[in-house]
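Chemist: quick one, fold the following:
(one chain, ligands or ions: 1)
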Amino acid sequence: MKTVAIIGGGASGIMAALTAAKDKENRIILFERQQRIGRKLVATGNGRCNLTNVGAELKNYHSEQPEFAEFALSKFTPQDTLDFFHDLGLLTVTEYGGRVYPLSNSANSVLDVLRLALEKSGVELRCSCPVRELMKSGKGYQLTTDEDKVYADYVIVACGGAAGEKLGGVNDGYELLKPLGHKRTKLFPCLVQLICEGDYPKALKGVRADGKVTLMLGDEVLAISRGEIQFTETGISGPAAFDISRAASSQGEGATIYMDFLQDYACASLEALLLKRQENHGDLEASELFTGMLHNRLGRMIVKYCGFGATQPLSSLSREDIAKACRISKAFPLRLKGTEGFANAQVTGGGVKTTGFNPETMESWFMPGLFSCGEVLDIDGDCGGYNLQWAWASGYLAGRLGK
Ligand SMILES: Cc1cc2nc3c(=O)[nH]c(=O)nc-3n(C[C@H](O)[C@H](O)[C@H](O)COP(=O)(O)OP(=O)(O)OC[C@H]3O[C@@H](n4cnc5c(N)ncnc54)[C@H](O)[C@@H]3O)c2cc1C
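Modeler: Numbering: from 1, shown residues only. Predicted structure coming up:
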């Protein structure tokens, strides 16, 4: 009988454990530093758990070596994730953008079926048991916990990343792998709220708008995204903000965010619409210029930004004023100040260098029997179920223990 030690009871570690447990010759021990397994999992998707995305492709993943993810994603596809969970009894729904959620709308359902499967499979769970040290020992490895030392023939490091500190995001995985020769890249928070200068976001707090977001450094476009923008006390959040947060974190110093709230309207046709409104409703106040087109607080904010008096009549605006309002509504600028950091990030950009691992097995190239999976590796996905898909797919490969 071979002992398989899995460090980390999150999405990827649970998947690795269930996969390894299919071989009854294996004794599987799952170490989890927190009191319970899957703490982060139950917080995903705002408590709904966006467990995969049916459209997941390599282009949704980022890394110094993004192609590393290709084999895993083709070997364990979103359909395999769905089949896996349906077999465990989970019902799912696929929503807008290919995002998959449990039908119950509760992330607990996902963890519940995984927990039942773990119980049935005979995996030994050791919660509140952080692994402090990992060393080579004979043909296998020695793990040191606060209570004992455990020998394992195979070790799977599935400690996750530094993101989501309150939910257990730590640097342990990087630290455990370092003495075994596995280096990491620079780390930065991704899928995280953006902090902006000025009072505009605060005044718009709570407003949601659909739009196109462009992050620019001087004349250089760093990132573009489309989708929902949510204004917060300090900046912007929501899928469109999340999707540019990787670039904002890694290259965004001194950058500006431009938001187009009327992306389906070319400037000329929008200008024509606004001129028509002015012609038909000249007696309205300027603050009503965008009423019916945009969230009213947002419309008023654009008017204010343009420097028009809120109560001056629409008829008093010049042609240039209208052109300016049109320009600003399609490129509302906010200076980027930073991000909310690892504490509030959903995923870690960067991680343990993938060049040290075999993409077909997740096994270390130079430490036989040592595997790694999930977020601890230098792979991060877009917002929309892609990160959990990576966790399931890479966890599945690691759990096969090289077979
Ligand atoms: C708020 C939030 C919402 C998210 N929503 C989504 C979503 O809807 N869809 C999506 O695809 N992704 C989402 N993500 C990202 C996704 O949750 C992660 O990418 C995914 O959980 C990574 O899985 P993992 O197994 O690699 O790491 P984790 O799930 O973080 O699990 C790692 C586990 O290892 C344990 N551990 C760490 N060190 C040790 C040690 N030394 N010894 C023992 N145990 C250890 C940790 O306590 C943890 O339980 C979200 C993340 C956050 C924070």
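Chemist: enumerate the residues of the stretch 151-300 of the chain near the ligand.
Modeler: Selection of the stretch 151-300 of the chain residues close to the ligand by CB under 6 Å from any ligand atom yields 158-160, 163-164, 167-168, 170, 172. For the C-beta atoms, the positions are set from N, CA and C on the backbone; glycine is no exception.
Chemist: list only those of those residues flagged as buried.
Modeler: When neighbours are counted using 16 or more other CB atoms under 10 Å, those contain these buried positions: 158-160, 163-164, 167-168, 170, 172.
Chemist: just those: which are in strands?
Modeler: Under the assignment DSSP state E, these contribute nothing to strands.
Chemist: ok, the residues you listed vs H86, which is closest?
Modeler: Top of the list for closeness to H86, among those and by CB to CB, is A158 at 23.3 Å.
Chemist: quick one: that closest one and L370 touch, right?
Modeler: No: with contact defined as CB atoms under 8 Å, A158 does not count as touching L370 (12.0 Å).
Chemist: identify the spatial nearest neighbour of the closest residue to the ligand within the stretch 201-350 of the chain, chain neighbours not counted.
Modeler: Distances between the stretch 201-350 of the chain and the ligand by CB to the nearest ligand atom are smallest at Q346, namely 3.7 Å. On the basis of CB to CB, 6 or more residues apart in numbering, the spatially nearest residue to Q346 that is not a chain neighbour turns out to be L191, at 3.7 Å.
Chemist: now for that neighbour: which residues touch it?
Modeler: Contact criterion CB atoms under 8 Å, 6 or more residues apart in numbering gives 163, 242, 245-246, 345-347, 380, 383, 387 as the residues in contact with L191.
Chemist: same thing but 7 Å
Modeler: Residues near L191 by CB atoms under 7 Å, 6 or more residues apart in numbering: 242, 245, 345-347, 383.
Chemist: do the host helix or strand of L143 and the ligand meet?
Modeler: L143 is part of strand 140-144, with elements assigned from DSSP states H and E. No: figure legend: strand 140-144 not in contact with the ligand (CB under 6 Å from any ligand atom); closest approach 8.8 Å.
Chemist: buried set for that strand?
Modeler: 140-143.
Chemist: got a list of contacts for it?
Modeler: Under the contact criterion CB under 7 Å, 6+ apart, strand 140-144 has outside partners 5, 131-135, 149-153, 155, 369-370.
Chemist: got a winner among these for most neighbours?
Modeler: Neighbours were tallied for each of these (criterion: other CB atoms under 10 Å), and the maximum of 29 neighbours falls on V155.
Chemist: in helices, which of the buried ones among the residues of the stretch 151-300 of the chain next to the ligand appear?
Modeler: D172 (DSSP state H).
Chemist: so for the buried ones among the residues of the stretch 151-300 of the chain next to the ligand, which is the shakiest by pLDDT?
Modeler: Looking at pLDDT alone, those dip lowest at G168, where the score is 85.
Chemist: reformat the contacts of L191 as JSON lines; add pLDDT and secondary structure.
Modeler: Converted to JSON lines, the contacts of L191 look like this (pLDDT from 0 to 100; DSSP: H, G, I helix; E, B strand; the rest coil):
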{"residue": "F242", "pLDDT": "95", "secondary structure": "helix"}
{"residue": "S245", "pLDDT": "96", "secondary structure": "helix"}
{"residue": "A345", "pLDDT": "96", "secondary structure": "coil"}
{"residue": "Q346", "pLDDT": "96", "secondary structure": "coil"}
{"residue": "V347", "pLDDT": "97", "secondary structure": "strand"}
{"residue": "C383", "pLDDT": "92", "secondary structure": "coil"}
